[in-house]
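Chemist: sequence-free structure coming up:
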C-alpha cells in the first residue's frame, strides 16, 4: 500500500473542505465541484485549476467533451491554451509514461514525476501554451469513470513559485478519492460516443455550448463571427441527429443520477 505523505494539518484542511461541501448539497453539481476544487487548490497552493471529462484511450488519445475552470484565469484566451494542451498528443504521451500503464486506476502525477525542470523549460508545449499565460508548473489527476471515460483535474502554479512535490500530489490524490460522485457524474453520456469524430473547432463550440455560453459568447471566445458559430451549430445538429439546442444538450445529460464507483467493493470482513 502506498504511504501518503500528508501532515495533520492537511487532514484537518480536507475535513473542513468536506464539511463545507456537505453544506452545499442543494447546489448544482458544477457549483459543488467549483467549491471543492477552489478549496483543494488553496490547500495545495495552486492558483488555478481546469477540470474536464474525456473519452478514449490513454494510449491512443483522449478527447474532452466538457470543461470547467476556476482560480486566477484572467481571460478566455488563457483557458484556450490549457484546453489545447489537454488534447495535445505529445503531452498525452508524457502522461502515458508517467502513469506507467496503470491508466485503469486513479493516478495523480506532478510535472516533476515525468520530466525534469531543465527539459520542461525547453518543452515546446510549455513555451507555446503555458509560459505565455504565466504558468510554470502543473499537476494532474486522471480518474477512471468506466468504459473509456475519464475525469481529469489539472492544477497550476505561476512563475516564481516552487514546483509541486510529493505532499501536494498525495493530498490531491486523496482529496479526489473522497468525492467520487463529483468526478464521475456526467462523464458517461450518450453524446460522448460522437465527440471523438468532431473537428477541433466543432468540439470547441460544443464544449462552450455545454457550459451554457450563448452564440455571442462563443463567437467572442473563439474569435470568430456569429455566422461561423451558427454554421458549426448546424453541423453539430446534423452529427448528433437533433433538431434543437435543447435536444443536443440532452445528449450530454447522464442517464443515471449517480454512477457507481469504478473501485472494486471492499473485501468481506473476517468472521
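Modeler: Good, I have the coordinates. A quick note: this is a predicted structure, and the numbers were derived from the prediction, not measured.
Chemist: flag the shaky bits of the stretch 51-200 of the chain, pLDDT-wise.
Modeler: For the stretch 51-200 of the chain, residues meeting the criterion pLDDT under 70 lie at 57-61, 76-77, 93-104, 186-193, 196.
Chemist: so where do the strands sit in it?
Modeler: 61-71, 107-110, 135-146, 149-158 (DSSP state E, counting those that start in this stretch).
Chemist: what does the shortest one contact?
Modeler: So that's strand 107-110. With contact meaning CB atoms under 8 Å, 6 or more residues apart in numbering, strand 107-110 is reached by 95, 98-99, 137-142, 163-166, 168-170, 172-173, 176. For the C-beta atoms, the positions are set from N, CA and C on the backbone; glycine is no exception.
Chemist: just the buried ones among those, please.
Modeler: Buried by 16 or more other CB atoms under 10 Å: 95, 98-99, 137-142, 164, 168-170, 172-173, 176, out of the contacts of strand 107-110.
Chemist: just give me the closest of those to residue 55.
Modeler: Of all these, residue 55 sits closest to residue 142, with 12.8 Å by CB to CB.
Chemist: any idea how far the closest one is from residue 151?
Modeler: Between residue 142 and residue 151 the distance is 8 Å, computed by CB to CB, to the nearest Å.
Chemist: and residue 106, by the same measure?
Modeler: Here residue 106 is placed at a distance of 9 Å from residue 151 (CB to CB).
Chemist: over to residue 68?
Modeler: 11 Å.
Chemist: identify the contacts common to those two.
Modeler: Joint contacts of residue 68 and residue 151 (CB under 8 Å, 6+ apart) are 51, 52.
Chemist: neighbour-wise, which of these two wins?
Modeler: Between residue 68 and residue 151, counted using other CB atoms under 10 Å, the more crowded position is residue 151 (24 against 18).
Chemist: got the contact list for that one?
Modeler: Contacts for residue 151 (CB under 8 Å, 6+ apart) come out as 51, 52, 53, 54, 142, 143, 145, 183, 184, 187.
Chemist: dump the strands of the stretch 51-200 of the chain to JSON lines, plus distance to residue 199.
Modeler: Formatted as JSON lines, those follow (distance: least, CB to CB, whole Å):
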{"stretch": "strand 61-71", "distance to residue 199": "11"}
{"stretch": "strand 107-110", "distance to residue 199": "29"}
{"stretch": "strand 135-146", "distance to residue 199": "25"}
{"stretch": "strand 149-158", "distance to residue 199": "21"}
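Chemist: to residue 239, which of the ones you listed lies closest?
Modeler: Of all the strands of the stretch 51-200 of the chain, strand 61-71 comes closest under CB to CB, at 12.7 Å.
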